[in-house]
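A.B. asks: Pasting the sequence and the predicted coordinates here, then a few questions.
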Amino acid sequence: FANTENITLTGGSGSAPVTANTVTVENGATANITTDGLYIDASATEDVYAFMIQSGAAVNLTLKNENSFMSGIWAAGIGVPEGAALTVTKESDGSVTATGLHGAGIGGGYEGSGGTVTVNGGTVTARSATGSAGIGGGDQGSGGTVTVSGGTVTATGKYGGAGIGGGDLGSGGTVTVSGG
């Protein structure tokens, strides 16, 4: 998406995720996106992000029903690299599960630092399969800025990656939890 106003994305299911399509929000865009039962599994393709917010872009994400994003090796489940911003809105009453493989669940890919992630509502589960943070830096990446002021967050890093913060060998970044 180059420039968007309000977009709703749906597709796939837990047993039959979408594998041919991914979501990319381009540099310079501010997008208001609602995901409503969207399942994307890009894990079979190396360095492909199921959902990518490019540096210089921002997304206000509203979650409806269950959503799932699994990226290929070296990529974050939801890519929010340094310079990008993701806000999960307080209007979210659904959930998302984001899984990275050598990338954060939500944040930077391999050797990539996380951008700005804010959770104001919904249920967010972010996990890394290896060396990265659940939310924050990819393997060897720094954590970026993470704020949780609402919703429910479960973030799991693996093999040296923080739940929220830096990946293995990366610095922690800034983490603020004031609710949720």
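C.D. replies: Received the coordinates, thanks.
A.B. asks: who's in contact with stretch 85-92?
C.D. replies: For stretch 85-92, the surrounding residues in contact (C-beta atoms under 8 Å, 6 or more residues apart in numbering) are 53, 57-64, 78, 80, 96, 106, 115-122, 124, 150-151. Using the backbone N, CA and C atoms, a C-beta is placed for each residue, glycine as well.
A.B. asks: at 7 Å instead, please
C.D. replies: 53, 58-63, 78, 80, 106, 115-122, 124, 150-151 (C-beta atoms under 7 Å, 6 or more residues apart in numbering).
A.B. asks: Go through these and flag which are in strands.
C.D. replies: Cross-referencing the contacts of stretch 85-92 against strands under DSSP state E gives 53, 58-63, 78, 106, 116-119, 124.
A.B. asks: Can I get those in CSV including distance to Gly179?
C.D. replies: Shown next, in CSV, are these (distance: C-beta to C-beta, whole Å):
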residue, distance to Gly179
Ile53, 23
Ala58, 21
Val59, 21
Asn60, 18
Leu61, 18
Thr62, 18
Leu63, 17
Ile78, 21
Ile106, 18
Thr116, 17
Val117, 15
Thr118, 12
Val119, 9
Val124, 13
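A.B. asks: quick one: which of those residues has the most company?
C.D. replies: Ile106 (37 neighbours; other C-beta atoms under 10 Å).
A.B. asks: Kindly export the longest strand seen in the chain (C-alpha atoms) in CSV.
C.D. replies: Across the chain, the strand with the greatest residue count (assigned by DSSP E) is strand 30-41. What follows is strand 30-41 as a C-alpha-only set of coordinates in CSV (Å, rounded to 0.1, in the frame of the first residue of the first chain):
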residue,chain,number,x,y,z
THR,A,30,0.3,6.0,7.0
ALA,A,31,-2.3,3.2,6.8
ASN,A,32,-5.4,2.4,8.8
ILE,A,33,-5.8,-1.4,8.4
THR,A,34,-8.3,-3.7,10.0
THR,A,35,-7.5,-7.4,9.8
ASP,A,36,-10.5,-9.6,10.2
GLY,A,37,-9.7,-13.3,10.2
LEU,A,38,-6.5,-12.9,8.1
TYR,A,39,-4.0,-15.8,8.1
ILE,A,40,-0.8,-15.5,6.1
ASP,A,41,1.9,-18.2,6.1
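A.B. asks: Ramachandran coordinates for Gly165?
C.D. replies: phi 140, psi -140 (degrees, to the nearest 10).
A.B. asks: residues contacting it?
C.D. replies: Contacts of Gly165 by C-beta under 7 Å, 6+ apart are Ala133, Gly136, Gly143, Gly172, Gly173, Val175.
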